[in-house]
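> I'll drop the sequence and a predicted model, then ask my questions.
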Amino acid sequence: MKRFSCFVLVVSIIFSGITALAAEEAELVSGEDKVERPIASEGLLVHSLFQSNMVLQRDKPIPVWGTAKPGEKVTVTFDGKEESAVAAKDKSWKVTFPAMEASTKPREMTVKGKDATFTFDNILIGDVWVFAGQSNMEFGLHRLNDGDLEIASANFENIRLLRPTRQQGPDNKTNFPVMYQWSDRSKNHSRKGYWEVCTPETVGNFSAIGYIFARRLYMATGVPIGAIDTSIGGTTLEAWTPLSVLQSIKTPMVAAMLKKWDTDAKEYDPKADLAKQVQKHKDRVEQAKKEGKTYKASVPTEAKPGPIMSNRYPGNCYASIISPLTGLPVKGTLWHQGYNNAFQPNAHVMYYQIFPKMIAAWRNTFDDPEMPFGIISLCTAGEPQDLNNYLQRTNDEGVMIRAVQYQTFADLFKAGDTNVGFASSFDHRHPSYHPRIKVPVGERIARWALAMEYGMNNISWKPPMLDKMVVEDGRILLHLTESVNAPNNEAIVGFAIAGEDGKFQPAKAKHYVAGKDDRGRPKLDTKVLELTSPLVPKPVHFRYAWSRNPLANLKGAGIPFATQRSDRSTRPEIYEQYTGEKVEIPGEVSRGENHKLNAALRDEDLRRRKAEAEEFLRSLEK
């Protein structure tokens, strides 16, 4: 797909009487990008957020902005009201209309300058939500289980969809292009950066979780929903955080991360990169000849952009796709990410340092310190955990990322932040790192929004939370904020406990017996859990749902008890606990050490299974 180098060719385009063009009306040239609205212009330009079919945020002042020639008067007419501004020396202009109530009545906006006029129609007033993260948030509706049914049902004229055009680089962008982008792979153009009315024809590639969330909100409230999907696959938390914010976090891990990226960028040699690509192409041609095949790819002629243009470079995703939305009034945001951070050594430590700062930065970007922010925890991946592989499946940095996502929510919520939400996504037992089960995830985070942001207090959303942990008499008692149970009267599974040695084993979990009732029967306290294990006579710590695809079933009012733990061991410390050895590289577990740790965990699983078998045989002798 061609990059945006063509933008400079269209910067001088002057718009006069332009409305959003339908695909069949655009003059498209095969193999070329067609920019309908550039990111800059010599004449009048309205920010790309303002288009036909958009949704404007209700109950907040409505700003409209753009650029024009310095000194040029710009007049905006909307809903019978008129506001004017004069472009400043930097070409910027902005007007603001009074807040409006939600409305499904289509409205028209006209922006007029000296030599050009823009007219936008079919504008609604409602709630705007922004969705962000990596591929599991980006995962299109057409790829879901039952996605075809969801697409066929997606006739919602009052839901509007926007996927801002992606850009690259570390400099904060102020706008995004609206364009038809050519794909060499599919040999056609696709619309980028347009607001679309939600229909079966427009929704297929949109974020599945984002769409499910939006349609549930609309079905429950009747309020028009503007859904903005900014997600980008393969990205990291630090890429979505403003670089200035990262630089203000004075921790060794963040400093080391920034230094490494800075060094990689400075040492990047485009000539050497191109030479490497050419040599790789020659090698593939030769290999194909040996196999009697033809290698059809053309010889590379350009170097790769380099580290500074990577969508994992610190701050890049924020600079390229969130920064252009700065100042847009929105209702809130959803976040679903974590997979790529899990590839980094001890990434959960840095994630916990950055995540709350990122949330605060985004609230600042959207000019709302109390902006609702919904967190969807890292989804499942890999072989499901069971009692035979229990400890082996705990050796995963991803589950630690998931735990700090919940911990960040819990910290903010307990500190009085009533606009932070949370939903677990681990309980569907899907082995793919792109689970196709997204509908329940979107519905679950919609519960939070409906309950907390739309006043539907009868809807359950909050996960049961730990109130306090008590260690006594060879057991751990967990006091929770609400009653919990396993479904269908099943035994509670998913907990593990450890003593001072840090070696965890699956725990027997049951409700605490708080005396007897008036008939002499055990009186169970469903808000308190008792954890024990014959292999851990003096427990001091617990973990729950501790695997990327965990064996866990505890819920309160249908909402899963979230992945969490009381210990703070890092993977190098876990390696030492189970092997008795220290890691060679401080802070990292090498590949060979990881194999050794897995072997030690298998031995612990085997030790437990042998103990259980021996106990079973003893019970038969009684």
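Now that the structure is in, tell me what you want to look at.
> quick one, helices of the stretch 451-600 of the chain?
571-579, 591-621 (DSSP state H, counting those that start in this stretch).
> Redo those as JSON lines? Include mean neighbour count and mean pLDDT.
Every residue, glycine included, has its C-beta placed from N, CA and C. Output for the helices of the stretch 451-600 of the chain, formatted as JSON lines (neighbours: other CB atoms under 10 Å; pLDDT from 0 to 100):
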{"stretch": "helix 571-579", "mean neighbour count": "19", "mean pLDDT": "96"}
{"stretch": "helix 591-621", "mean neighbour count": "13", "mean pLDDT": "94"}
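> Which of those sits closest to L243?
helix 571-579 (27.7 Å; CB to CB).
> Now do the helices in the stretch 201-350 of the chain.
Using DSSP H, counting those that start in this stretch, helices in the stretch 201-350 of the chain cover 208-221, 243-248, 252-267, 270-290, 316-317, 347-365.
> which one of those helices is the most hemmed in?
Burial of these is given as mean neighbour count (mean count of other CB atoms under 10 Å); helix 316-317 ranks first at a mean of 28.
> Check what contacts that one and list those residues.
Residues outside helix 316-317 that contact it (CB atoms under 8 Å, 6 or more residues apart in numbering) are Q168, G169, P170, I232, T235, A239, W240, M309, S310, N311.
> if you set the cut-off to 6 Å instead, what comes out?
P170, I232, T235, A239, W240, N311 (CB atoms under 6 Å, 6 or more residues apart in numbering).
> Check stretch 409-423 too.
Contacts of stretch 409-423 (CB under 6 Å, 6+ apart): E370, P372, F373, G374, I375, I376, R444, I445, W448.
> May I have the beta-bridge partners of the third one?
Partner residues in beta bridges with F373, using DSSP bridges, are T333, V420.
> Quick check: it vs R363, distance?
7 Å (CB to CB, to the nearest Å).
> With neighbour count added, can I get the contacts of stretch 409-423 in JSON lines?
Below are the contacts of stretch 409-423 laid out as JSON lines (neighbours: other CB atoms under 10 Å):
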{"residue": "E370", "neighbour count": "11"}
{"residue": "P372", "neighbour count": "21"}
{"residue": "F373", "neighbour count": "24"}
{"residue": "G374", "neighbour count": "26"}
{"residue": "I375", "neighbour count": "24"}
{"residue": "I376", "neighbour count": "27"}
{"residue": "R444", "neighbour count": "26"}
{"residue": "I445", "neighbour count": "27"}
{"residue": "W448", "neighbour count": "26"}
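> how about those, which pair is most distant?
Once CB to CB is applied, the contacts of stretch 409-423 give E370 and R444 as the farthest pair, at 22.4 Å.
> The residue positioned nearest the centre of the chain: what's it in contact with?
Centroid check for the chain by CA atoms, centre = their mean gives H336 as the closest residue, at 2.2 Å. Listed by CB under 6 Å, 6+ apart, the contact set of H336 reads G133, N136, M137, I376.
> By neighbours, which of these wins?
With neighbours taken as other CB atoms under 10 Å, the top of the contacts of H336 is G133, carrying 29 neighbours.
> Next up, the contacts around it.
Counting by CB under 6 Å, 6+ apart, G133 makes contact with S231, W335, H336, Q337.
> which of those residues sit farthest apart?
Of all pairs in the contacts of G133, the most separated under CB to CB is S231 and W335 at 9.4 Å.
> what do the two both touch?
A132, G133.
> Can you tell me the closest non-neighbouring residue to I151?
With CB to CB, 6 or more residues apart in numbering as the criterion, I151 has its nearest non-adjacent residue at 5.1 Å, and that residue is P200.
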